[in-house]
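> Next input, structure requested:
(chains A and B)
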There are 2 protein chains.
Amino acid sequence: MSETTEWNARPTPLALMIRTLDEPGALHALTRVILDHRANITYVDIAERREDDSTIYFELEDIASGAAADTLIDDLKVLPIVREVERAPSFAKVYGKRIIVIGGGAQVGQVVVGAVAEADRHNIRGERISVDTIPLIGEENLAGAVRAVARLPRAVGLVLAGALMGGEVALAVREVREKGIIVLSLNMPGSVTDAADLVVSDPVQAGVMAVMAVSASAHFDIRRQRGRRY
Amino acid sequence: MSETTEWNARPTPLALMIRTLDEPGALHALTRVILDHRANITYVDIAERREDDSTIYFELEDIASGAAADTLIDDLKVLPIVREVERAPSFAKVYGKRIIVIGGGAQVGQVVVGAVAEADRHNIRGERISVDTIPLIGEENLAGAVRAVARLPRAVGLVLAGALMGGEVALAVREVREKGIIVLSLNMPGSVTDAADLVVSDPVQAGVMAVMAVSASAHFDIRRQRGRRY
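This next block holds a predicted model:
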């Protein structure tokens, strides 16, 4: 499970909520200070926008020490546009890895029942695994959602929960697999079953296996299951 | 449903995937160009990091026209650190609004069955509603996950799916409601039911109602349901 161990090996980032005046140069001014400190920005989001201020959420890596973090925070606070800087727990710490379930409502629901029950058992032991879903119809919509999984933060696995998927969806599956996403598919008509890492007929079991495949603690190696059908 | 109509009224952002050399100043250099074009950055994420390059995903607003977007893209391509600029569908277009379900595995699973089935019906008519989950245990973990919902991109609703929640969790619920998140709770012991917008005993119905509450097309006004229990 090279994908997941790599993911786990990354250090806990410094997560900051920075409230600034809502003006176009705000982010640019903040990245200047972060760059001066040689910190690596791994995530940025405009978390909140109000009438005259914005809250920008950063996750930063490569910060040498707690003291270096304190100096960085002090330097950010000195900027005229900055109103407040707060530390926050990172999304990785709160929500962890994400499995995405895409397909028809009836089947997505059953996959999630399995995945959430299994994730519960892992999270109780200290892991963090989230299960996220979108019910969708249509080849183009499905292919778009599959491709977007590769750029969703912390997404590591995908389950295709439908009764007919092929064409563009199968192409999209091959693309996201190349980017390190593990893909499980329900057994169904269409070429998507040939494109996935693993095919599982029962939706509840597919959800359980998806969590086992991305978990750091389960004795389940997706490499030994590639191409199999259950 | 002022929260949701405001959210819907926002224009479709320009979404760009920019592949750059992986060096500390990359983001700062990109924001300089974006600032010069007076575009407003609403989302940034480091979508992919490989040995020597990174892919940075931006969502930008306040771009006057298609021609203005083309000029911005050309100016980005001129930067020595930039290898490739591609347009992408925005996360808002692909995954839409997000409802987050937090709690115990058994109950989270049932809430999602209801929410996904209802979201399916809305998405078929052209909306985009995702249902995301994390099974968790413990007051501190739950309160942290609830608070983090307010800074999750596109999150508009939260369902608390457990059998005992109070204390810090109830405080966190009040905080995220102030930031515009709609909160539904299963009926359960603990003060969280007093803190939520709406209490629903059946988990499947709670999931359905959460989707109705955030949908742009449903005739369901959460303001008229506040404080009620079903």
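
> For chain A, which residues score under the pLDDT cut-off?
A:1-11 (pLDDT under 70).

> and if we set it to 50?
Along chain A, the parts satisfying pLDDT under 50 run over A:1-8.

> do you know how far A:Ile137 is from A:Ala206?
With the distance defined as C-beta to C-beta, to the nearest Å, A:Ile137 ends up 20 Å from A:Ala206. For glycine as for every other residue, the C-beta is placed from the backbone atoms N, C-alpha and C.

> The two - which one has more neighbours?
A:Ala206 (26 against 13; other C-beta atoms under 10 Å in any protein chain shown).

> All the helices of chain A, in order from the start?
A:2-9, A:26-36, A:66-78, A:91-94, A:105-124, A:139-149, A:168-178, A:192-195, A:203-214 (DSSP state H).

> list the buried ones in the fifth one?
Buried residues in helix A:105-124, counted by 16 or more other C-beta atoms under 10 Å in any protein chain shown: A:105-123.

> tell me the contacts of the closest residue to A:Pro189 other than its chain neighbours?
Nearest residue to A:Pro189, sequence neighbours excluded (C-beta to C-beta, 6 or more residues apart in numbering or on different chains): A:Leu164, at 5.2 Å. By C-beta atoms under 8 Å, 6 or more residues apart in numbering or on different chains, the residues touching A:Leu164 are A:188-190.

> Tell me the spacing between A:Val131 and A:Arg224.
23 Å.

> Just list whatever residues bridge to A:Leu60.
A:Leu14, A:Ile41 (DSSP bridges).

> Correct me if wrong: it contacts A:Ile18.
No. Contact criterion C-beta atoms under 8 Å: A:Leu60 and A:Ile18 do not qualify, at 11.1 Å.

> quick one, which of those two is more surrounded?
The neighbour count for A:Leu60 versus A:Ile18, taken as other C-beta under 10 Å, is higher for A:Ile18 (23 against 20).

> Spatially nearest residue to the most centrally placed residue in chain A (excluding sequence neighbours)?
Central residue of chain A (C-alpha atoms, centre = their mean): A:Arg154, 2.3 Å from the mean position. Excluding the flanking residues, the one nearest A:Arg154 by C-beta to C-beta, 6+ apart is A:Arg98, at 4.9 Å.

> same thing with A:Val211?
A:Glu118 (4.0 Å).

> What is the neighbour count of the closest residue to A:Ala115 other than its chain neighbours?
Leaving aside its chain neighbours, A:Ala115 sits nearest to A:Gly207 (3.3 Å; criterion: C-beta to C-beta, 6+ apart). For A:Gly207, the count of nearby residues is 29 (other C-beta under 10 Å).

> Same check on A:Gly190?
Neighbours of A:Gly190 (other C-beta under 10 Å): 18.

> how close does the most far-flung residue of chain A relative to its centre sit to A:Leu16?
Residue farthest from the centre of chain A, counting by C-alpha atoms, centre = their mean, is A:Pro80 at 33.8 Å. With distances taken as C-beta to C-beta, A:Pro80 is found 18 Å from A:Leu16.

> Likewise for A:Val108?
As judged by C-beta to C-beta, A:Val108 and A:Leu16 stand 35 Å apart.

> now do A:Glu59
For A:Glu59, the distance to A:Leu16 - C-beta to C-beta - is 8 Å.

> next one: A:Ala210
Using C-beta to C-beta, A:Ala210 is found at 32 Å from A:Leu16.

> Neighbour count: those two, which is higher?
A:Ala210 (30 against 21).

> So what's the residue count around A:Asp74?
Per other C-beta under 10 Å, the neighbour tally for A:Asp74 reads 10.

> Tell me the spacing between it and B:Ala29.
In terms of C-beta to C-beta, A:Asp74 sits 25 Å off from B:Ala29.

> same question, A:Val159
38 Å.

> same deal with A:Ala196?
39 Å.

> Please say which of these two ends up with more neighbours.
Between A:Ala196 and B:Ala29, A:Ala196 has the larger neighbour count (other C-beta under 10 Å), namely 25 against 19.

> for the closest residue to that one other than its chain neighbours, what are its contacts?
Spatially, and ignoring its direct neighbours in sequence, A:Ala196 is nearest to A:Ser185 (3.8 Å; C-beta to C-beta, 6+ apart). Contact partners of A:Ser185, counting by C-beta under 8 Å, 6+ apart, are A:159-160, A:165, A:173, A:192-193, A:195-196, A:198-200, A:206.

> hey, what's A:Ser185 bridged with?
Beta-bridge partners of A:Ser185, as defined by DSSP bridges: A:Leu160, A:Val199.

> so how many other residues sit close to A:Pro135?
Neighbour count of A:Pro135, defined by other C-beta under 10 Å: 28.

> who's in contact with it?
A:103-105, A:108, B:116-117, B:119-120, B:123.

> With distance to A:Thr12 as added columns, please give the residues you listed in TSV.
Compiled in TSV, the contacts of A:Pro135 are given as follows (distance: C-beta to C-beta, whole Å):
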residue	distance to A:Thr12
A:Gly103	34
A:Gly104	38
A:Gly105	37
A:Val108	32
B:Val116	32
B:Ala117	37
B:Ala119	33
B:Asp120	37
B:Asn123	36
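
> Name the nearest of those relative to B:Thr12.
B:Asn123 (17.2 Å; C-beta to C-beta).

> for that closest one, what are its contacts?
B:Asn123 sits in contact with A:134-137, B:96, B:129, where contact means C-beta under 8 Å, 6+ apart.

> swap the cut-off to 10 Å and go again
The contact partners of B:Asn123, by C-beta atoms under 10 Å, 6 or more residues apart in numbering or on different chains, come to A:105, A:134-138, A:141, B:96, B:116, B:129-130, B:211, B:215.

> before we move on, back to that, can you say which of the contacts of A:Ser185 are buried?
A:159-160, A:165, A:173, A:192-193, A:195-196, A:198-200, A:206.

> Of those residues, just say which sits nearest to chain B.
Closest approach to chain B among the buried ones among the contacts of A:Ser185 (C-beta to the nearest C-beta): A:Val159, at 12.6 Å.
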